[in-house]
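> give me a 3D structure for the following:
(2 chains)
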Amino acid sequence: MTREEYADLLVKNEHDYKYYEDKYPKRDLPEGAIVSRYAPSPTGYVHLGALYTSFISRKMSKQTNGVCFLRIEDTDQKRTIENGVERIIEDLAKFNINFDEGVTLDGDKGNYGPYMQSKRGDIYKAFIKKLIIEDKAYPCFCTEEELKHDHDRQALNKERLGYYGIWARCRRLSMDEVISKINNGEKYIIRLKSKGNFNHHFKFKDEIKGKMEFPENDQDIVILKSDDLPTYHLAHAVDDHLMGTTHVIRGDEWLSSIPVHVQLFEMLGFETPKYAHISPICIEEDGKKRKLSKRKDPEAAISYYHEKGIPYGALMLFLETIANSNFEMWMLQNKDANPDEFKLDFKKMPIGGTLFDHEKLISISKNYISKLKAIEVYDMALNHALEYDKDFALLLEKYKDYSVSIFNIEREQKKPRKDIANFSEIKSQVWYMYDELYKPVNYEWQKINSKDDIKEVLNTYLKYYNPDDDKNSWFDHMKEAAVSLNYAGDMKEYKVNPDKYKGSIADFSTVIRVSLTSKCNTPDLYEIMRLFGKDRVINRINEVIK
RNA sequence: GGCCUGUUGGUGAAGCGGUUAACACACAUGCCUUUCACGCAUGGAUUCAUGGGUUCAAAUCCCGUACAGGUCACCA
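Sure, this is the predicted structure:
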């Protein structure tokens, strides 16, 4: 029996590997163009780490005029969940992450498909067959029990774990022995026949982490499983070769399989791609740092930010800040520039894990929202309310123009207010602007000067109040009213001689502010009063006086 | 346990043999100011996990130690 016949006996497939090499020619792209991919398993929702990785992959290829495709790694049929793929595509699209090629909601797009690994079985087998013919792979008949037994012995003797060297029993099986086992109906899988020597180190350069050394792989890893699908390792090598990936951008939990992957590329006769291993986003627990966990940490889920009402754009700015810390500086220096113009650099990506900094996210979100137009803030607030606070949504819809005006206070100017961090809190910031929500039970009088006679202040102010005032005359009237009660109209003057006065213009206007809104911290009082209109101002003041 | 990687103020970090050890967030104080916010200014690491070594010179290079993270499946 020739090796070809032997390989045919072991692996059943349709096309020869050369057929596939011809079918997927090299990509014709400009110098320096990065072909990358995002390759998730369809196991559930997209979490923050996955969003981060896909974002970097997406942006790196875009900024080099390359290609970024979506490949679905579903070779583990047990783990795949229903609608998992749709979920991934839809989640990423919300963050403006779309792919040039790959799996889409309407099927495959691009010339290097199929992009779903479960549909590429024949391709993998063609290359596995090639390895068998070249005596670089062999069938293994070991049962689960046998493997466990060896594993336990290795552990007991404190030897290196795994299927290698003397432990790789099936490696020594002759062709005839294999044939007779198969004729007996014995089940088998295919393993790589590793020629690596664990005591030999080789140099490796990661695009992000830099130079490092690894021992050669000497494990005879499984490449074809009993379900007739390949393992991740083999699928990775074959796919990224055939699909023309130049940069494998993935989480750094893969770093330790570099020896296997490099070896696989060499044994298959492929050119190895560049690798960029992204360090994880971490969280602190009991004073220790650990990778953000999809299961344990609510902030790992993207829906968490949706519920909080943190804009998607703000989250992306946060991720970009983590990815390249000089991005922040760039934003500061290019205030009006589109973040897309910023070029991400592998060399500036963090090497160790980055702690998830909630405060920073909030700060970025505040800045982001402060730059939005009032109508955009309104739309976002409404969308959030529609999903999480129906009553508030009704109010926003009923008083649309009024609400937009509220969001426009101290907005759309050079130094806008930065007090909205997210849309889940917005109601608690503007509630007093709506009579339907306003229940002035807890006036914040505590900050007020005890010498103030609230009723006297209010009655006096009412005499000076003119709803038609512009901002300057409004404040002039405020001052006149204050001065008539021996409050200082000028802050500097007051600071020099505080004892000469009952209080300052600040004390005076705070009484007005609290009686109108029940709070001492609000945006510009003039704007608020203007939006209230005469009747509401007088009603609220009278409410306090009585 | 083996193999890889990391450790710079409260946090994220820049730094790549000679710097007053950037910057951002947070915090504090002051200025501005009708409150808050914004903005501006100032303050905080005598020191870069730790012990050695190389060097005229080390956060930066080398070795050991400690701690932390990742990984060791017919899962990806």
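
> got a pLDDT number for A:G287?
In the prediction, the pLDDT value recorded for A:G287 is 67.

> helix, strand or coil for whatever residue of the stretch 401-546 of chain A ends up closest to RNA strand B?
Scanning the stretch 401-546 of chain A for the residue nearest RNA strand B gives A:K415, at 3.2 Å (criterion: C-beta to the nearest atom of the strand). All C-beta atoms are positioned from the backbone trio N, CA, C, and that covers glycine. Under the three-state scheme (DSSP: H, G, I helix; E, B strand; the rest coil), the conformation of A:K415 reads as coil.

> for it, give its distance to A:V222.
As judged by C-beta to C-beta, to the nearest Å, A:K415 and A:V222 stand 62 Å apart.

> these two: which has the busier surroundings?
More neighbours surround A:V222 than the other of A:K415 and A:V222, with 17 against 7 (other C-beta atoms under 10 Å).

> quick check: phi and psi at the more buried one.
Torsion angles at A:V222 (phi, psi; degrees, to the nearest 10) stand at phi -70, psi 140.

> you'd agree it is up against A:I190?
Yes. Taking contact to mean C-beta atoms under 8 Å, the distance of 7.2 Å between A:V222 and A:I190 places them in contact.

> all helices for the stretch 151-300 of chain A, in order.
A:175-183, A:232-242, A:258-268 (DSSP state H, counting those that start in this stretch).

> just those: most buried one?
Taking mean count of other C-beta atoms under 10 Å as the contact definition, the stretch among the helices of the stretch 151-300 of chain A with the greatest mean neighbour count is helix A:232-242, which reaches a mean of 23.

> please state the offset of that helix from the chain centre?
In terms of C-alpha atoms, centre = their mean, to the nearest Å, the centre of helix A:232-242 is found 26 Å from the chain centre.

> so which residues on the stretch 101-250 of chain A come close to RNA strand B?
Proximity of the stretch 101-250 of chain A to RNA strand B (C-beta under 7 Å from any atom of the strand) is limited to residues A:142-144, A:147, A:151, A:158, A:160-163, A:187, A:189, A:201, A:209-210, A:212-215, A:222, A:225-227, A:229, A:231-232.

> which of those residues are buried?
Members of these that pass the buried threshold by neighbour count (16 or more other C-beta atoms under 10 Å) are listed as A:142, A:162-163, A:189, A:209, A:214, A:222, A:229, A:231-232.

> which of these sit farthest apart?
Taking C-beta to C-beta as the measure, these span a maximum distance of 35.3 Å, between A:C142 and A:K209.

> buried stuff in stretch A:263-283?
A:263-265, A:267-268, A:272-273, A:275-283.

> from these, list the ones also adjacent to RNA strand B.
Among these, the residues lying close to RNA strand B (C-beta under 7 Å from any atom of the strand) are A:280, A:282.

> for A:E376, phi and psi?
The phi and psi values for A:E376, taken as degrees, to the nearest 10, are phi -70, psi -40.

> burial measure for it, as a count.
A:E376: 15 surrounding residues under other C-beta under 10 Å.

> same question for A:E543.
The number of residues packed around A:E543, counting by other C-beta under 10 Å, is 12.

> packing partners of the helix or strand harbouring it?
Here A:E543, judged by DSSP states H and E, is contained in helix A:525-545. Packed against helix A:525-545 by the contact rule (3 or more C-beta pairs under 8 Å, 6 or more residues apart in numbering; DSSP states H and E) you find helix A:400-407, helix A:454-464, helix A:471-484, helix A:505-517.

> how about stretch A:70-89 as CSV, C-alpha atoms only?
Backbone C-alpha positions of stretch A:70-89 (Å, rounded to 0.1, in the frame of the first residue of the first chain) are rendered in CSV as follows:
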residue,chain,number,x,y,z
LEU,A,70,-15.4,37.7,10.2
ARG,A,71,-14.8,34.0,10.5
ILE,A,72,-16.9,31.8,12.8
GLU,A,73,-15.0,29.2,14.7
ASP,A,74,-17.6,26.6,15.4
THR,A,75,-15.6,23.4,15.3
ASP,A,76,-16.8,22.6,18.7
GLN,A,77,-20.4,21.7,18.0
LYS,A,78,-21.2,21.3,21.6
ARG,A,79,-20.5,24.9,22.5
THR,A,80,-22.3,26.6,19.7
ILE,A,81,-25.6,28.2,20.6
GLU,A,82,-28.5,29.1,18.4
ASN,A,83,-28.5,32.5,16.8
GLY,A,84,-25.0,32.9,18.2
VAL,A,85,-23.7,34.2,14.9
GLU,A,86,-26.5,36.7,14.4
ARG,A,87,-25.9,37.9,17.9
ILE,A,88,-22.3,38.6,17.3
ILE,A,89,-22.9,40.4,14.0
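
> just how off-centre is it within its chain?
Computed by C-alpha atoms, centre = their mean, the separation of stretch A:70-89 from the middle of its chain amounts to 18 Å.

> does any part of that stretch sit near RNA strand B?
Yes. With C-beta under 7 Å from any atom of the strand as the threshold, stretch A:70-89 lies in contact with RNA strand B, specifically through A:73, A:75-76, A:79.

> can I see the domain layout of chain A?
Dividing chain A into domains by automatic domain parsing, as the record does, gives the ranges A:3-13+A:121-278, A:439-546.

> end to end on the first one, go ahead and measure it.
What it means is domain A:3-13+A:121-278. According to C-alpha to C-alpha, to the nearest Å, domain A:3-13+A:121-278 extends 42 Å from its N-terminal end residue to its C-terminal end residue.

> quick check: residues of the stretch 351-500 of chain A near RNA strand B?
Proximity of the stretch 351-500 of chain A to RNA strand B is confined to A:351-355, A:357, A:359-360, A:362-363, A:410, A:415-419, A:447, A:471, A:475, A:491-492 under the rule C-beta under 7 Å from any atom of the strand.

> PyMOL command to pick out the buried ones of those residues?
Typed into PyMOL, the line below selects the buried ones among those, using 16+ other C-beta under 10 Å:
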select buried, chain A and resi 353+354+362+416+475
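
> among the residues of the stretch 351-500 of chain A next to RNA strand B, which are in helices?
Those of those mapping onto helices are A:359-360, A:362-363, A:471, A:475, A:491-492, per DSSP state H.

> so which of those is the closest to A:E527?
Distance ranking of these against A:E527, using C-beta to C-beta, places A:K471 first at 8.5 Å.

> quick one: contacts for that closest one?
A:Y526 (C-beta atoms under 8 Å, 6 or more residues apart in numbering).

> show me what A:Y138 is bridged to.
Beta-bridge partners of A:Y138, counted by DSSP bridges, are A:R191.

> residues near it, how many?
Close neighbours of A:Y138, defined as other C-beta under 10 Å, add up to 21.

> correct me, but it touches A:K193?
Yes. Distance between A:Y138 and A:K193: 5.5 Å, which falls inside the contact criterion (C-beta under 8 Å).

> for A:I221, phi and psi?
Residue torsions, per degrees, to the nearest 10, at A:I221 are phi -70, psi 150.

> leaving aside the residues adjacent along the chain, what's closest to it?
The spatially closest residue to A:I221, leaving aside those adjacent along the chain, is A:L192, at 5.3 Å (C-beta to C-beta, 6 or more residues apart in numbering).

> same thing with A:V46?
Taking C-beta to C-beta, 6+ apart as the measure, A:V46 lies nearest to A:D91, with 4.1 Å between them; neighbours along the chain are not counted.

> how far does the strand or helix carrying that neighbour sit from the chain's center?
Per DSSP H and E: A:D91 is located in helix A:84-94. Helix A:84-94 has its average C-alpha position 13 Å from the chain's average C-alpha position, going by C-alpha atoms, centre = their mean.

> which neighbours in the sheet does the next helix-or-strand element following that helix have, and how are they oriented?
Once the chain leaves helix A:84-94, the next helix or strand it forms, by DSSP H and E, is strand A:101-104. Using DSSP bridges, strand A:101-104 pairs in its sheet with strand A:67-70 (parallel), strand A:107-109 (antiparallel).
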